[in-house]
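Colleague: Fold the stuff below for me.
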Amino acid sequence: MDNRKNLLIIDDEPSITKILEHFLKKDFDVVIKSDGSEGMLWLEEGNHADLIIADLHMPNLSGKEFLKVAKASNLYSEIPIIILSGSDESSERIQCLNLGADDFMVKPFNPMEVHAKINAVLRRSKRFS
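Modeller: Numbering: from 1, shown residues only. Sure thing, here's the model as predicted:
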């Protein structure tokens, strides 16, 4: 049985999504969407994500807005979300964590650290499910 996890990566910077996809596709099934509303639409079409990585600053639906919508939804509130941000502003980080983000990473990041964080978040969410 293939128990690869589905990752939904939402970021409007192709360079970031390329790096993430390159590093994560060996271990995960990776789906890329370029903004929060596209990501939401994909979920609403009945697709399943085990974990979502969302950029904080995106057109249409920002990472923060996406987080609010996802966490308010009965369907998606359990999906762990890691927020990516270009700014290391701790107020942003605090806000995102308070809104329900499971982790927060600042760009530029080490893809191996992203991988490790994904595994850590998935381990935690598995323990509670």
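Colleague: Could you check the pLDDT of the residue nearest to the spatial centre of the chain?
Modeller: Compute the mean C-alpha point of the chain, and by C-alpha atoms, centre = their mean the closest residue is Ile53, 1.5 Å away. Looking at Ile53, its pLDDT stands at 97.
Colleague: Confirm for me that it is in contact with Ile9.
Modeller: Yes: taking C-beta atoms under 8 Å as the contact criterion, Ile53 and Ile9 are neighbours in contact, 4.8 Å apart. All C-beta spots, glycine's among them, are computed from the backbone N, C-alpha and C.
Colleague: Overlap in contacts, the two.
Modeller: Here Ile53 and Ile9 share the contacting residues Leu20, scored by C-beta atoms under 8 Å, 6 or more residues apart in numbering.
Colleague: Could I get the buried residue list for the helix or strand containing Leu41?
Modeller: Secondary structure here is read from DSSP states H and E; on that basis Leu41 sits in helix 36-44. Residues of helix 36-44 classed as buried: 36-40, 42-43 (neighbour count, 16 or more other C-beta atoms under 10 Å).
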